[in-house]
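Novice: okay, predicted coordinates and the sequence, questions at the end:
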Amino acid sequence: MAEYDFRSELLSVIPNLRAFAMSLVGAADKADDLVQETLVRAWDKRSSFTPGTNLKGWLFTILRNEFYSQMRKRKREVSDPEGAMAERMSSHPEQVGRLDMEDFKSAVNMLPEDQREALILVGASGFSYEEAADICDCAVGTIKSRVSRARTQLSKILKLEGDGEYGPDAVSVGVMNLNSPSAA
Amino acid sequence: MTVSRQSSKKSGTFFKAPRLGRNENSQYGVPHVNQVNSSKQENRAPESAGGADEPRLGDDSQSFIGLRLRELYDNVVSEPVPDRLVELLKKLEEDDGKSN
């Protein structure tokens, strides 16, 4: 009986897992592969989950760990980890003032991985800063800072404010700022 | 900043109700938007959000980003669970039954 419950609990979190996975990998089939792997792992180690505690957070942590361990493997195998990023970046917003969902999506995809996941966890998945910090295995202040920087970057990329202030090349300005020490 | 034409797609939901009931004080009635500035009070550490030299985003931008972010996310959440994942869970449970 308990196992049946666990299965339906897992089932209920799948939509959220898929959305988070999509934000990490960008392609639906790969996202579902990641969710699949997550479910298998979760099932294997379900005895380590305490019923009644935060299952969603537990599953997100597994999914995220799985994602990064796959990334590390792939980086060893494939010598062009930039390829995916370049592809993502090729469709950045072109037209000021006409922001449809695709534009927004590509802007989100341009964020550095750590900022993007923090923003998604807190701003879309509904986790508190504390829960997001647990999932990402970092300090709460780090999450807050990443979310804040992500919002600032997005706003710059999308040119939401300060029209003209960043010049015609706001996108690259935004990207360059990511590496500025003051943003840390 | 018009409503995306994609909002007519599938779910038709532009914005779902918040999943967590925190942050009730948003002046726009939009959750998750002002949280950078209204993070949990009991946890207001000096580190707070962002650096001191970080410009504060305008409420409009924050609200826009918050809405779009959730729309993007909820578009995926509202998709039906793929069969292969449902089947996987069944299989995991069945295999379990066999081995026990």
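Specialist: Ah, there it is. It should be emphasised that the depicted structure is a prediction, and the values quoted were computed from it without experimental measurement.
Novice: every contact and neighbour count from this point should use C-alpha atoms.
Specialist: Noted.
Novice: tell me the domain ranges of chain A?
Specialist: Here the domain assignment for chain A is A:1-78, A:98-184, based on automatic domain parsing.
Novice: roughly how far apart are the nearest residue to residue A:36 once chain neighbours are set aside and residue A:155?
Specialist: Distance criterion CA to CA, 6 or more residues apart in numbering or on different chains; nearest residue to residue A:36, sequence neighbours excluded, is residue B:85 at 6.4 Å. In this view, residue B:85 and residue A:155 are 36 Å apart by CA to CA, to the nearest Å.
Novice: when those two are compared, which one has more neighbours?
Specialist: residue A:155 (21 against 18; other CA atoms under 10 Å in any protein chain shown).
Novice: and the helix or strand that contains the more buried one with chain B, contact?
Specialist: Element membership of residue A:155 [criterion: DSSP states H and E] is helix A:140-157. Yes: remark: helix A:140-157 sits within contact range of chain B at A:141, A:144, A:145, A:146, A:147, A:148, A:149, A:151, A:152, A:154, A:155, by CA under 8 Å from any CA of the partner chain.
Novice: take these and write them to JSON lines, including pLDDT.
Specialist: Listed next are those as JSON lines, based on pLDDT from 0 to 100:
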{"residue": "A:141", "pLDDT": "98"}
{"residue": "A:144", "pLDDT": "98"}
{"residue": "A:145", "pLDDT": "98"}
{"residue": "A:146", "pLDDT": "97"}
{"residue": "A:147", "pLDDT": "97"}
{"residue": "A:148", "pLDDT": "96"}
{"residue": "A:149", "pLDDT": "96"}
{"residue": "A:151", "pLDDT": "94"}
{"residue": "A:152", "pLDDT": "94"}
{"residue": "A:154", "pLDDT": "93"}
{"residue": "A:155", "pLDDT": "90"}
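Novice: give me phi/psi at residue A:124?
Specialist: For residue A:124, the backbone dihedrals are phi -130, psi -40 (criterion: degrees, to the nearest 10).
Novice: report how many residues lie close to it.
Specialist: Residue A:124 has 25 nearby residues by other CA under 10 Å.
Novice: quick check: it touching residue B:69?
Specialist: Yes: proximity of residue A:124 to residue B:69 meets the contact threshold set by CA atoms under 8 Å, at 6.2 Å.
Novice: so, low pLDDT: which residues of chain B?
Specialist: B:1-57, B:99-100 (pLDDT under 70).
Novice: winner for burial among the domains of chain A?
Specialist: Of the domains of chain A, the one with the most neighbours on average (mean count of other CA atoms under 10 Å in any protein chain shown) is domain A:98-184, at a mean of 19.
Novice: show me where chain A has helices.
Specialist: A:2-25, A:28-44, A:55-77, A:82-89, A:101-110, A:113-123, A:129-136, A:140-157, A:170-177 (DSSP state H).
Novice: what would these look like in a markdown table with distance to residue B:90?
Specialist: Output for these, formatted as a markdown table (distance: least, CA to CA, whole Å):
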| stretch | distance to residue B:90 |
| --- | --- |
| helix A:2-25 | 8 |
| helix A:28-44 | 11 |
| helix A:55-77 | 18 |
| helix A:82-89 | 34 |
| helix A:101-110 | 34 |
| helix A:113-123 | 28 |
| helix A:129-136 | 27 |
| helix A:140-157 | 36 |
| helix A:170-177 | 45 |
